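# Here is the input, now give the coordinates:
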Amino acid sequence: MSKYLVTGVAGFIGSKVAQHLLDMGGGVVGIDNLSTGLLEVIPDGVESIIGGVHESSTIKQIEHMRFDAIIHIAGQSSGEVSFENPIYDLQSNVQSTLLLLELARRIKCKKVVFASSVSVYGDNGKLESLNEEDDLVPSSFYAVGKLASENYLRIYASQFGLNTYALRLFNVYGPGQNLENLKQGMASIYLAQAIKYKHIHIKGLPDRYRDFVYIDDVVDAFEKCIRDERSGSYIYNVCTGEKTSVKVLVDKIIGELPFEVSVDYSGSTPGDVHGYTGDNTKINSLLDWSPKTNVQAGLNYMIQWAIGSSR
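I've put the predicted structure just below:
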């Protein structure tokens, strides 16, 4: 039986990836410090370790284990929060990656799959169809950390023979996203505000836009990397290529809810960019991955789940 390490297992993406690996018949060891994750979302069957991946004491608990792949999803996940505590952001997003790569080298785990972010592109002057060869101008400490981790993966692949994958995740959304965390996840933030306060406060302009990718498609991208038998270091966009404006997103949320919701636009977020969409040609060509769920259907699933969860 294959065995996997999944960090961030109590989070939105990590819990979904862990469940999928269990459904595939694998064994899963999960790590999470519960800073934003929820104990109750860790799937049954996961061997859980509560602790920070950036802490050597946590890594020592798994040094005797052997894994077919390490899937690193844990980390501080908000550009806005990274400005509030840049030292913790560095530790959780860069030091954690380095400790896991060292672990992989020591225990001879040949594959590491890392959850990177669209934020590494930053404000590079290109708004649409971002591809993996474009300039990288990270505009938040969070994005700097993700880019640093990508480079550590590349070096460990070339120097120590690891097979590494960095998935540049665009705006991930879907059922199960943490509606209590109002600083991470555009769709979940607005949906949570609408349900909890019947009011949505939006920092920025209504014509800002994002490329939203559904959670099931993201999980599929992780599986494609885990199954891939090539050697080397790879970076892939995980996106749809579709542009969805803040106004369209908010109108969709309001239109599906069974009560009135007010909206105001004021303020801004440090390091934010006006908009972007991605080019998924590379992951489609090399891993045969493509998104299966469009944003209209995906938002319907998410909104109906959120309505049911709030009752």
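
# Skip the chain neighbours and tell me the closest residue to Gly176.
Phe12 (5.8 Å; Cβ to Cβ, 6 or more residues apart in numbering). Yep, even glycine has a C-beta here, placed from its N, CA and C like the rest.

# burial measure for that neighbour, as a count.
By other Cβ atoms under 10 Å, 27 other residues sit near Phe12.

# who touches it in this structure?
Neighbour list for Phe12: Val41, Val172, Gly174, Gly176, Gln177, Asn178, Gly185, Ile215 [criterion: Cβ atoms under 8 Å, 6 or more residues apart in numbering].

# Please go through the protein and pick out the longest helix.
Looking across the chain with DSSP state H, the single longest helix is helix 141-160.

# May I see the buried residues of it?
For helix 141-160, burial by neighbour count (16 or more other Cβ atoms under 10 Å) applies to 141-150, 152-154, 156-157.

# Okay, Asp123 and Tyr276: tell me how far apart.
For Asp123, the distance to Tyr276 equals 10 Å [Cβ to Cβ, to the nearest Å].

# Repeat that for Leu127.
Using Cβ to Cβ, we find Leu127 at a distance of 6 Å from Tyr276.

# More neighbours: which of the two?
Tyr276 (24 against 15).

# So what does the more buried one look like in phi/psi?
Dihedral pair for Tyr276: phi -170, psi 150, per degrees, to the nearest 10.

# For it, give me its contacts.
By Cβ under 8 Å, 6+ apart, Tyr276 lies in contact with Val118, Tyr121, Leu127, Glu128, Leu130, Phe170, Tyr209, Arg210, Asp211.

# part of a strand, is the third one?
No: for Leu127, which was evaluated using DSSP: H, G, I helix; E, B strand; the rest coil, the result is coil, with no strand membership.

# Select, from the contacts of Tyr276, the two members most distant in space.
Longest distance between any two of these is 14.3 Å, between Tyr121 and Tyr209; criterion Cβ to Cβ.

# Quick check: Val219 touching Leu21?
No: using Cβ atoms under 8 Å as the test, Val219 is too far from Leu21 to be in contact (9.3 Å).

# Same drill for those two, tell me which one is more crowded.
Leu21 (27 against 19).

# How far off centre is the helix or strand containing that one?
Per DSSP states H and E, Leu21 falls inside helix 12-23. Its chain's C-alpha centre and that of helix 12-23 lie 13 Å apart, by Cα atoms, centre = their mean, to the nearest Å.

# got the buried residues for that helix?
If you call a residue buried by 16+ other Cβ under 10 Å, then helix 12-23 has these buried ones: Phe12, Ile13, Gly14, Ser15, Lys16, Val17, Ala18, Gln19, His20, Leu21, Leu22.

# what mean pLDDT does that helix have?
Averaging pLDDT along helix 12-23 yields 98.

# quick one: contacts of the helix or strand hosting Val248?
Using DSSP H and E, the element containing Val248 is helix 246-256. Defining contact as Cβ under 8 Å, 6+ apart, one finds that helix 246-256 is touched by 186-187, 190-191, 194, 200, 202, 204-210, 212, 261, 263, 296, 299-300, 303-304, 307.

# and the next element down the chain from it?
Counting by DSSP H and E, the next helix or strand C-terminal to helix 246-256 is strand 262-265.

# Just list what that following strand packs against, helices and strands only.
If you count contacts as 3 or more Cβ pairs under 8 Å, 6 or more residues apart in numbering; DSSP states H and E, strand 262-265 packs onto strand 199-202.

# Show me how far the strand it packs on is from its chain's centre.
23 Å.

# contacts for that strand?
By Cβ under 8 Å, 6+ apart, strand 199-202 touches 190, 193-194, 246, 250, 253-254, 261-267.

# next helix or strand past that strand?
strand 209-210.

# which stretches of the stretch 51-200 of the chain form strands?
Using DSSP state E, counting those that start in this stretch, the strands of the stretch 51-200 of the chain run over 69-72, 111-117, 163-169, 171-173, 199-202.

# Now render those strands as a markdown table, adding mean pLDDT.
Listed next are the strands of the stretch 51-200 of the chain as a markdown table, based on pLDDT from 0 to 100:
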| stretch | mean pLDDT |
| --- | --- |
| strand 69-72 | 98 |
| strand 111-117 | 98 |
| strand 163-169 | 98 |
| strand 171-173 | 97 |
| strand 199-202 | 96 |
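
# looking at those strands, which is closest to Asn237?
strand 163-169 (5.0 Å).

# In contact with Leu286: list those residues for me.
Arg230, Tyr234, Tyr236.

# how near is it to Asp228?
8 Å.

# Next, show the common contact partners of these two.
Tyr234.

# before we move on, back to that, of the buried residues of helix 12-23, closest to Ser92?
Gly14 (13.5 Å).

# Just give the closest residue to the closest one, not the sequence neighbours.
Among residues not flanking Gly14 along the chain, Gly8 sits closest, at 3.6 Å (Cβ to Cβ, 6+ apart).

# Next: Gly26.
Closest residue in space to Gly26, ignoring its immediate chain neighbours: Ser2 at 4.5 Å, by Cβ to Cβ, 6+ apart.
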